[in-house]
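S.K.: Sequence isn't available, so here's the structure alone:
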């Protein structure tokens with residue numbers, strides 16, 4: 001996706017983020033006397049893209065020969081500038097009379113590789129989209145290049161706000177918002193017959209609410225929320241459902257969500273994520289962590305107590321006695337245990353599901369304790385009714 005097959009050249013183009021992957025100005029730097037500040041407010045580009053960068057001028061000596069300020073983006077591990085057409089766009093909010101200068105520039109030598117003036121349509125009352133094309137006359141000798149957008153600060157209000165800044169090279173089959181040509185050509189040589197999407201990591205998600213949701217990957221880019229990816233970064237979801245289908249059309253592949261088995265880990269994620277802890281509670285035990293690992297807490301929204309556990313590398317089944325504060329004798333709880341016949345068991349395409357689901361009802365005994373055993377290589381959730 002981002003930074004790979006998806007051809008977008010601008011990294012962190014819309015300053016997206018989440019609680020676990022905070023929004024930032026990563027890959028962006030000020031040009032000349034600019035001050036960059038990350039903003040978040042109700043006057044953002046869209047409900048989906050609620051962060052933006054504010055570009056303002058520092059106090060400078062007016063005798064200096066330039067008042068042009070702006071922002072620069074270093075791309076994904078650099079920007080490989082070739083002799084080919086580039087197309088891009090950006091959104092601006094704030095009153096500005098004049099033209100924006102958009103340029104591809106060598107960060108090492110400051111040589112301008114391509115530039116264009118973009119007449120301003122920017123106003124203070126809302127966001128306006130500006131589009132541009134760039135045509136370098138020679139290729140850069142390194143990837144140490146950047147895209148710069150600058151403007152004359154003397155013709156603007158105190159600051160201008162920017163969002164969704166995008167730059168694309170030519171794409172495979174000239175698809176808008178498409179894929180890198182050389183990677184698609186390499187895939188085409190493999191003569192693939194099907195494409196499974198979304199991938200396993202996307203289906204699982206890493207936290208509740210981070211799973212791939214196809215309806216959030218369609219429509220204009222400014223309406224795509226993005227999400228925290230399972231590998232620890234934030235995905236723009238510029239590569240969405242329609243782009244996946246174009247990929248299949250262009251390479252003659254059959255789109256399939258069933259061309260690979262449902263992984264064992266999916267069942268684990270589903271069980272653990274389906275029992276949310278709104279509060280983790282302190283707990284004590286007769287033994288330390290290993291081979292039993294656990295966490296206990298409560299789901300305040302459902303007024304339930306929850307115990308989650310996994311057993312790994314045990315020589316025998318582990319007897320359990322789990323009491324909850326405030327849970328009295330006779331309280332019913334549901335115990336779900338996931339197991340398989342073999343520690344290394346895995347699902348194969350067309351074969352049976354190797355994961356066994358054992359669901360039972362337990363009643364709290366004296367002191368509000370629940371008693372059960374957990375076998376090796378098992379994952380379990382105990383939840384009070």
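M.R.: Yes, it's here. Note that the structure is a prediction, hence the values are computed from the model and not measured.
S.K.: ok, then the element right after the helix or strand of the chain with the lowest mean pLDDT?
M.R.: In the chain, the helix or strand scored least confidently by mean pLDDT, DSSP states H and E is helix 200-204, which has a mean of 69. Downstream of helix 200-204, the next assigned helix or strand under DSSP states H and E is strand 227-228.
S.K.: Compute the number of surrounding residues for the residue nearest to residue 38 when sequence neighbours are not counted.
M.R.: Residue nearest to residue 38 in three dimensions, not counting chain neighbours: residue 25, with 5.7 Å by CB to CB, 6 or more residues apart in numbering. (C-beta placed from N, C-alpha, C; glycine too.) For residue 25, the tally of surrounding residues (other CB atoms under 10 Å) stands at 15.
S.K.: isn't residue 25 right up against residue 15?
M.R.: Yes - here residue 25 reaches residue 15: they are 7.2 Å apart, a contact under CB atoms under 8 Å.
S.K.: got any residues that touch both of those two?
M.R.: Common neighbours of residue 25 and residue 15 (criterion: CB atoms under 8 Å, 6 or more residues apart in numbering): 38, 53.
S.K.: re the thing from before, ok so the residue nearest to residue 38 is a helix residue?
M.R.: No - checked against DSSP: H, G, I helix; E, B strand; the rest coil, residue 25 lies outside a helix; its state is coil.
S.K.: Which residues are in contact with it?
M.R.: Here residue 25 is in contact with 12, 15, 36, 38, 53 (CB under 8 Å, 6+ apart).
S.K.: Tell me the spacing between the last one and residue 34.
M.R.: Here residue 53 is placed at a distance of 10 Å from residue 34 (CB to CB, to the nearest Å).
S.K.: Please apply the same query to the first one.
M.R.: Distance, residue 12 to residue 34, using CB to CB: 17 Å.
S.K.: try the second one
M.R.: Here the criterion is CB to CB. By it, residue 15 lies 16 Å from residue 34.
S.K.: how about stretch 211-224: buried residues?
M.R.: By neighbour count, and taking 16 or more other CB atoms under 10 Å as the criterion, the buried residues in stretch 211-224 are 211-212, 216-217, 221-222, 224.
S.K.: which two of these lie the greatest distance from each other?
M.R.: Between any two of those, the greatest separation by CB to CB is 22.6 Å, found for 211 and 222.
S.K.: related to what we said a few turns ago, from the buried residues of stretch 211-224, which single one is nearest residue 139?
M.R.: Nearest to residue 139, judged by CB to CB, of these is residue 221 at 28.1 Å.
S.K.: how many neighbours does residue 108 have?
M.R.: 11.
S.K.: what about the helices in the stretch 1-150 of the chain?
M.R.: Ranges of helices within the stretch 1-150 of the chain: none, based on DSSP state H, counting those that start in this stretch.
S.K.: where exactly do the strands run in it?
M.R.: Counting by DSSP state E, counting those that start in this stretch, the stretch 1-150 of the chain has these strands, from start to end: 28-31, 34-40, 51-57, 68-73, 86-93, 99-106, 112-119, 127-134, 145-152.
S.K.: Can you give me the buried ones in the shortest one?
M.R.: Read that as strand 28-31. In strand 28-31, counting by 16+ other CB under 10 Å, buried: 28, 30-31.
S.K.: closest to residue 288 among those?
M.R.: Nearest member of the buried residues of strand 28-31 to residue 288, counting by CB to CB, is residue 28, at 46.1 Å.
S.K.: what angle sits between the strand of greatest length in the chain and strand 145-152?
M.R.: Taking DSSP state E as the criterion, the chain has its longest strand at strand 159-168. If you take axes from the mean of the first three to the mean of the last three CA atoms, to 10 degrees, strand 159-168 sits at 150 degrees to strand 145-152.
S.K.: model confidence over strand 159-168, on average?
M.R.: Taken as a whole, strand 159-168 has a mean pLDDT of 98.
S.K.: That one: how far from the chain's middle?
M.R.: Strand 159-168 sits 19 Å away from the centroid of its parent chain (CA atoms, centre = their mean, to the nearest Å).
S.K.: same question, stretch 4-23
M.R.: Using CA atoms, centre = their mean, the distance between the centre of stretch 4-23 and that of its chain works out at 7 Å.
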